[in-house]
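Q: Dropping a prediction and its sequence here:
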Amino acid sequence: MRISVQSEPFDLGAESTAFAAGHRDMGAIVTFTGVVRDLPGDPLEAMEIEHYPGMTESALHDIAATALDRWSLGDVLVIHRHGRLTPGEMIMMVATAAPHRRDAFEAAEFLMDYLKSRAPFWKREMTAKGADWVASKAEDEDALDRWA
Amino acid sequence: MRISVQSEPFDLGAESTAFAAGHRDMGAIVTFTGVVRDLPGDPLEAMEIEHYPGMTESALHDIAATALDRWSLGDVLVIHRHGRLTPGEMIMMVATAAPHRRDAFEAAEFLMDYLKSRAPFWKREMTAKGADWVASKAEDEDALDRWA
Amino acid sequence: MDVLYFAWVRERIGHPRDTVDTQAATVAELVAELSAREDRYAMAFSDLSALRVAVDQQLADFDAPLAGVREVAFFPPMTGG
Amino acid sequence: MDVLYFAWVRERIGHPRDTVDTQAATVAELVAELSAREDRYAMAFSDLSALRVAVDQQLADFDAPLAGVREVAFFPPMTGG
C-alpha cells in the first residue's frame, strides 16, 4: 500500500507503469484518475484543495486498509494532491491490483466513494467573481450505502 | 474511440498519459489492464492468443460504440494483443473518460465483461506438458446479465 | 462460401478454412453437411452447445439463414480479456 | 486541547486553530462553550447538520466524549476525490 498526499503534480503514466510492474502476479490492474475539468467557456480559473495534515494520511490509510481487507487484492495506491490546481490538472488517482477483475474494479470504486466523503479534503473553486467552497453532493453520500 | 488489435506490446504508461491528456474536459478517467499472471511455481511458460482478424476489430468497435451510447462518456480506448505472451506481460487494456466517475467505472466494467465473452479471442496456455485451450468460465457469461 | 475454424475447432478439423459450395439454408444445415464429410468434422461438431458461430463476422445462432452469406466461422466460447 | 477549523468554518471563525482549556465533557459541550465566545463562533456553529467533527483525527459524533482528547477539528462535509 502506498498513500501520498502531495502538492506537486504526479505522473499518471509513470505511476501506472510502476504500479503494474510491481504486480506481475496480479491479473487485473484498475486505475482511476480525477481531473479538474477544463471546459470551454467555464469561468473556473483554479481549484484550491485544503486538507487536514495528519488526519488526511491516516484517513486514506484506513480506507486503503479496509479495501485490502474486504477484497482479494494485491495492492492499493492512493495519490491525492492539495493546494492550487488549474483546469486540466490531475487531482488524484487510485490504483488497485487483484487476481480477478471484479475485485480490482469494486475496490477502486469503494476507494473513490470513501475518499470523496470521508477523507478530509475541501475543494474551493476560484473564478473572476471570487472563491466558492464546493458543496458536498447527496449522491456522494448515498454512494456509500452500496458498501454498508 | 480507438481500437487496436496488435501483437506488439503496448506501453500502459504512455497510453494512459495520452488518453488522459486528450480528455482534459472529462473529470474521470478509468483504466483496466489485464496481465498474464507471473506466479511463483506456476508451470505456465507462455499464453498464446488466437483471434479472428476482421471480426475482432468490428466486435471491439461494436462493444465500444455500445458503451458510448449507453453511458455519458467522452471517449473509449481498447487495446488487445494476440500471439505469444509470457508471464508478466500485459494482454490488453481499456480506458474510459467521462464527466463523472460512475459512468467511467461502469463503462469500463461493461467493456471488460463483453470483451471477455463476445470478442473473438481464444487463449491457450503453454506448459512443459503441452498446450491447453483456456475454458470459458460460467461466471464470465453470467457477468453479462448485469448489463441485460 | 468461406467456412472458418478457430481454436480447438480448427485443431480438430485440421485446417483453418474450407471453401464450400453449399445449398444449406441455415447454419445447422451447413453443420450437418460438414459433419457428413469426415470423422474429424463430425467430432468437431459433436457438441453444438460447446460451439459458437459467426455469420459474416457477426455472432449468430445455429438457425441463422445463409442466403447471401459469404463467411461462416465456428469456434469455442470466447476467452478474451 | 487544540481546536482546529477547516474550509468555511476556518473562514467564519477567522483563524485556523484555538488552544482551549475546557471542562467540556463532550464535543457538543465544547461547541456550546465556543459559541458563547463571540458571534463569529456562534455563526460558524449555528447549523450543526452542516458540520462534521473529528476527535483526535478520527471522524466522530457531536456526543463523543472529550476525556483525554488532545485535538478536536470542525469542518464542513468533505469534498475530496
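A: Alright, I've got the coordinates.
Q: Surely C:F74 is in a strand?
A: Yes: membership of C:F74 in a strand is supported by DSSP: H, G, I helix; E, B strand; the rest coil.
Q: and A:A108, backbone torsions?
A: Backbone torsions for A:A108, taken as degrees, to the nearest 10, come to phi -70, psi -40.
Q: burial measure for the closest residue to chain D within chain C, as a count.
A: Residue nearest to chain D within chain C: C:G81 (27.7 Å; Cβ to the nearest Cβ). (Glycine included, C-beta is placed from N, CA and C.) Look at C:G81: counted by other Cβ atoms under 10 Å in any protein chain shown, it has 23 neighbours.
Q: can you check A:E57 too?
A: 19.
Q: which helices and strands does the helix or strand hosting it pack with?
A: Assigned by DSSP states H and E, A:E57 falls within helix A:55-70. If you count contacts as 3 or more Cβ pairs under 8 Å, 6 or more residues apart in numbering or on different chains; DSSP states H and E, helix A:55-70 packs onto strand A:2-6, strand A:75-81, helix A:101-118, strand D:58-60.
Q: Not counting its own residues, what contacts the helix or strand just after the third one?
A: Following the chain from helix A:101-118 toward its C-terminal end, the next helix or strand by DSSP H and E is strand A:121-127. Contacts of strand A:121-127 with the rest of the structure, by Cβ atoms under 8 Å, 6 or more residues apart in numbering or on different chains, involve A:43-51, A:56, A:80, A:82, A:131-134, D:6-7, D:75-76, D:78-81.
Q: Make a PyMOL selection of the buried ones in those residues.
A: A single PyMOL command is used to select the members of the contacts of strand A:121-127 judged buried by 16 or more other Cβ atoms under 10 Å in any protein chain shown:
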select buried, (chain A and resi 46+47+49+50+51+56+80+82+133) or (chain D and resi 6+7+75+76+78+79+80+81)
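Q: mind listing which of the contacts of strand A:121-127 are in helices?
A: A:T56, D:A7 (DSSP state H).
Q: gap between A:Q6 and C:L4?
A: Note on A:Q6: its distance to C:L4, by Cβ to Cβ, to the nearest Å, is 53 Å.
Q: Have a look at those two and say which one is more surrounded.
A: Between A:Q6 and C:L4, C:L4 has the larger neighbour count (other Cβ under 10 Å), namely 20 against 12.
Q: Name the helix or strand for the more buried one, please.
A: Here C:L4 is assigned to strand C:2-5, by DSSP H and E.
Q: any idea how far A:H51 is from A:A148?
A: Counting by Cβ to Cβ, the gap from A:H51 to A:A148 is 26 Å.
Q: Only the buried residues of the lengthiest helix in chain C, if you could.
A: For chain C, the helix with the greatest residue count under DSSP H is helix C:27-35. Neighbour counts over helix C:27-35 (16+ other Cβ under 10 Å) mark C:V27, C:A28, C:E29, C:L30, C:V31, C:L34, C:S35 as buried.
Q: Please name the nearest non-neighbouring residue to the residue located most distally from the centre of chain A.
A: Ranked by distance from the centre of chain A (Cα atoms, centre = their mean), the top residue is A:K129, with 28.2 Å. The shortest distance from A:K129 to any non-neighbouring residue, by Cβ to Cβ, 6 or more residues apart in numbering or on different chains, is to A:P43 (7.3 Å).
Q: How about the contacts made by A:R146?
A: A:R146 neighbours (Cβ under 8 Å, 6+ apart): A:D113.
Q: That one: what secondary structure?
A: At A:R146 the chain is in helix, as set by three-state DSSP.
Q: Quick one: find the helix or strand in chain A with the lowest mean pLDDT.
A: Least confident helix or strand, chain A: helix A:138-143 with a mean of 93, by mean pLDDT, DSSP states H and E.
Q: Can you pull out the residues in contact with that one?
A: A:D113, A:K116, A:S117, B:R102, D:P77, D:G81.
Q: if we can go back for a sec, for the longest helix of chain C, packing partners?
A: So helix C:27-35, by 3+ Cβ pairs under 8 Å, 6+ apart, packs with helix C:39-44, strand C:71-75.
Q: what do you get if the cut-off is 10 Å, keeping everything else the same?
A: Packed against helix C:27-35, as judged by 3 or more Cβ pairs under 10 Å, 6 or more residues apart in numbering or on different chains; DSSP states H and E, are the following elements: strand C:2-5, helix C:39-44, strand C:52-55, strand C:71-75.
Q: Could I get the ones you listed in a markdown table, plus columns for distance to chain D and mean pLDDT?
A: Compiled in a markdown table, the helices and strands packed on helix C:27-35 are given as follows (distance: least, Cβ to the nearest Cβ, whole Å; pLDDT from 0 to 100):
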| stretch | distance to chain D | mean pLDDT |
| --- | --- | --- |
| strand C:2-5 | 48 | 98 |
| helix C:39-44 | 52 | 97 |
| strand C:52-55 | 41 | 98 |
| strand C:71-75 | 43 | 98 |
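Q: winner for burial among the ones you listed?
A: Stretch with highest mean neighbour count among the helices and strands packed on helix C:27-35: strand C:71-75 (a mean of 22; mean count of other Cβ atoms under 10 Å in any protein chain shown).
Q: quick revisit: I'd like the helices and strands packed on helix A:55-70 as a markdown table, with mean pLDDT appended.
A: Compiled in a markdown table, the helices and strands packed on helix A:55-70 are given as follows (pLDDT from 0 to 100):
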| stretch | mean pLDDT |
| --- | --- |
| strand A:2-6 | 98 |
| strand A:75-81 | 98 |
| helix A:101-118 | 97 |
| strand D:58-60 | 97 |
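Q: Of all these, which one is nearest chain C?
A: Ranking the helices and strands packed on helix A:55-70 by proximity to chain C (Cβ to the nearest Cβ) places helix A:101-118 first, at 7.6 Å.
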